[in-house]
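Visitor: give me a model of this one.
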Amino acid sequence: MSDSDVLWVQARGARGSGTAANDSSTDSNDACPSQLQGFVMFRSSLAREIQAYLAAVGCANAAGGAEWRWALSLEEEKAVQGRRGDLQNATLRSPIIINFPELYTFIDDLRERKRDYRPKTNFPVVRVMAEQANAHMLVFQRWDYGYNRDANGMFDGLMGELQRFECDLLSTAVYVTDERLYVLDSVAETFPLRTGVIYRMSGSSHSAADLYLRPFSRGVWLATFAVSMVCVVQLVASTRSWMTRITLGWDECLTSVIGALCQQGADRTPETVSGRTVMVFVLLLSFFLFTSFSAFIVALLQAPARPLSSPRELLASPLKIGGMDVAFIHAWFRGETSKIPRGVVGDIFVKKIKSHERPAFLPVWEGIELVRGRGYGYQAELNEAYHEIQEKFTQSEKCDLFEMELFPSEAQIIVTVEKSPYREAFSRFVRWQRELGHLDRIAKRWYASRPRCESGARGLTPIGVREVVPLLLLLTYGIALSLLCLAVECLTARHQGKQPTRSLCLRLFGGRPRHLQQREQRPRRAMGQQWTADQVDWPWRPGPASRKAAHVGDEDREPGPALLLESHTLYWQTRGRALGHFARRAQELQPHSRH
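Guide: Modelled structure (predicted):
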């Protein structure tokens with residue numbers, strides 16, 4: 001027979017291939033010259049004969065149609081359905097998948113709920129279904145569900161056994177694809193197969209641009225820069241007073257403004273009232289900006305994370321992606337990459353999974369451990385992932401978990417061989433179990449619920465090295481720039497003969513500056529020798545025209561009162577010239593001060 005539900009129609013008196021069981025229930029009607037009979041025919045078991053029951057009678061009319069009436073009473077209909085579902089102690093060959101035989105004890109062992117949970121949840125349904133059908137099951141273990149790997153229409157694993165009619169039904173449920181429809185018949189759905197990318201993201205999971213530039217908009221940053229430059233110009237202008245010669249240069253003013261904005265202050269205070277006024281308002285501006293900036297960064301660090309909303313955002317995120325090492329996830333990704341044009345999920349596999357140096361597909365316990373360390377997303381079957389999360393994650397870590405569905409949920413379906421006579425009866429039995437609540441009880445027993453974030457378990461997010469990496473990079477760039485400037489200053493001082501500010505130049509580049517070399521090349525005064533005005537290194541010396549040569553005594557001249565008197569005379573002459581120069585300079589400045 002092609003199916004378990006066949007309707008045989010014949011005219012009364014004609015000979016059919018079936019056996020009419022309820023002929024006594026029909027009555028002859030002479031008013032209907034052409035009476036029709038409809039028989040329900042089925043074979044409950046492959047080893048049994050075909051059974052036929054009269055279900056309806058009809059009368060053909062002149063228009064070519066027929067008027068039918070149901071011939072079975074309610075009790076008779078229930079009896080027929082019971083006989084249809086009675087397999088009369090038939091033996092059903094039913095393979096099952098056990099992926100972890102080293103951990104397997106028995107099918108109802110709750111100690112290993114996260115291993116082989118798919119056969120453990122579906123086998124009770126099949127077992128009750130076989131008991132309802134009055135059948136025995138011959139269960140044997142297999143290792144693979146079966147795929148069309150060679151693309152030649154021939155399956156391996158369980159699907160291959162169904163294709164070759166080596167079994168009657170499966171003791172576990174499978175998901176049905178388009179290519180599998182030709183080798184099996186669907187009985188009924190049992191439990192959903194849900195997968196998704198699980199990742200962990202905290203409130204501080206922002207990039208450097210988001211964390212340190214997001215507190216202010218672009219307009220605020222530009223306005224702050226413009227106001228700072230205006231303050232620098234005004235500070236330089238206010239310190240350049242005609243009343244004093246003490247001024248601040250551009251570099252000093254810029255350093256003062258930057259120090260004020262960073263709440264560090266300045267090493268020098270302007271002498272004038274206008275300069276101090278500028279500094280006061282710069283400090284006030286920096287105080288409010290710094291307070292707002294710091295508060296917003298703290299709010300960003302402690303705020304709850306925003307989950308990714310689409311696979312395209314997942315593709316653009318810095319998360320690394322891995323997959324669960326099971327056959328159906330491999331098959332799903334192969335199907336996505338073979339599409340033309342390739343979709344977003346295919347791009348995620350090519351750019352984020354296939355490009356990894358390490359194995360892209362990992363066991364569930366390794367993948368969840370990588371998720372725990374942040375920065376990693378794991379495509380897994382959610383029930384197995386939830387079991388691992390419940391065992392390993394703390395309450396605060398569960399609050400940072402998110403998931404995204406890349407593939408739609410697939411329904412697990414109990415299947416039989418193609419054109420099986422048991423399909424209709426099995427479908428009715430599974431539907432009865434669902435209505436009775438048997439499937440819900442199994443789901444609550446074996447399936448893990450999604451980890452929940454308990455109230456108050458989130459706590460404060462600790463700040464790690466990852467959050468301050470941009471600041472460390474900024475400090476590194478500043479140190480490198482300062483070393484470059486130091487090298488330029490030392491080289492300039494060495495070639496121009498200027499006094500270096502540190503002795504580090506000598507240690508870095510060796511040698512001695514030119515002004516030290518010139519000082520060492522000056523003639524040293526011998527015993528009894530007198531210095532001239534050109535040879536005396538005073539802070540101020542008059543020009544060459546006003547210098548007078550001093551008498552230099554003989555080298556054998558003994559030191560005495562005369563030599564001491566000449567030295568004092570030379571000192572006071574040079575000092576007098578310096579004081580005269582300062583007095584003339586003061587007289588030149590006096591007319592300007594009257595204004």
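Visitor: from here on, contacts and neighbour counts on C-alpha atoms
Guide: Will do.
Visitor: that's a strand at Glu189, yeah?
Guide: Yes - assessed by DSSP: H, G, I helix; E, B strand; the rest coil, Glu189 belongs to a strand.
Visitor: measure Leu254 to Asn134 for me?
Guide: Separation of Leu254 from Asn134 (C-alpha to C-alpha, to the nearest Å): 93 Å.
Visitor: higher neighbour count, these two?
Guide: Leu254 (19 against 15; other C-alpha atoms under 10 Å).
Visitor: what about that one, which SS state?
Guide: helix.
Visitor: okay, and the closest residue in space to it that isn't next to it in sequence sits in which element?
Guide: Distances taken as C-alpha to C-alpha, 6 or more residues apart in numbering put Val232 closest to Leu254, at 5.8 Å, once the chain neighbours are dropped. Using DSSP states H and E, the element containing Val232 is helix 218-239.
Visitor: swap in Met41?
Guide: Here Met41, judged by DSSP H and E, is contained in strand 35-42.
Visitor: packing partners of that strand?
Guide: Judged by 3 or more C-alpha pairs under 8 Å, 6 or more residues apart in numbering; DSSP states H and E, strand 35-42 is in contact with strand 6-11, strand 51-60.
Visitor: tell me the contacts of the closest residue to Tyr182 other than its chain neighbours?
Guide: Using C-alpha to C-alpha, 6+ apart and skipping the chain neighbours, the partner closest in space to Tyr182 is Glu418 (7.6 Å). Glu418 sits next to 162-163, 182-185 when contact means C-alpha atoms under 8 Å, 6 or more residues apart in numbering.
Visitor: 7 Å instead?
Guide: Glu418 makes contact with 183-185, according to C-alpha atoms under 7 Å, 6 or more residues apart in numbering.
Visitor: now swap in Phe123 and tell me
Guide: Counting by C-alpha under 7 Å, 6+ apart, Phe123 touches 171-172.
Visitor: let me know the pLDDT of it.
Guide: Listed pLDDT for Phe123 reads 93.
Visitor: continuing past whatever helix or strand it lives in, what's the next helix or strand?
Guide: Per DSSP H and E, Phe123 falls inside helix 117-132. Downstream of helix 117-132, the first helix or strand assigned by DSSP H and E is strand 135-142.
Visitor: send the alpha carbons of the next helix-or-strand element following that following strand over as PDB?
Guide: Next along the chain after strand 135-142, taking DSSP H and E as the criterion, comes helix 157-163. Only the C-alpha atoms of helix 157-163 are listed here, as PDB (Å, rounded to 0.1, in the frame of the first residue of the first chain):
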ATOM      1  CA  GLY A 157      24.200   7.800   8.500                       C
ATOM      2  CA  LEU A 158      20.500   7.600   9.600                       C
ATOM      3  CA  MET A 159      19.200   9.200   6.400                       C
ATOM      4  CA  GLY A 160      21.000   6.600   4.300                       C
ATOM      5  CA  GLU A 161      19.300   3.800   6.300                       C
ATOM      6  CA  LEU A 162      15.900   5.400   5.800                       C
ATOM      7  CA  GLN A 163      16.700   5.800   2.100                       C
END
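Visitor: ok, and what's touching helix 157-163?
Guide: Here helix 157-163 has contacts from 144-146, 154, 167, 183-184, 417, using C-alpha under 7 Å, 6+ apart.
Visitor: any idea how the chain splits into domains?
Guide: 6-85, 90-194, 208-302, 310-401, 468-521, 530-595 (automatic domain parsing).
Visitor: which stretches of the stretch 151-300 of the chain have low pLDDT?
Guide: Applying pLDDT under 70 to the stretch 151-300 of the chain picks out residues 202-211, 213-215, 234-252, 260-261, 263, 265-272, 275.
Visitor: give me the contacts around stretch 449-456.
Guide: 386, 390, 395, 398-399.
Visitor: of the residues you listed, which is the nearest to Val174?
Guide: Closest to Val174 out of these is Tyr386 (20.9 Å), distances taken as C-alpha to C-alpha.
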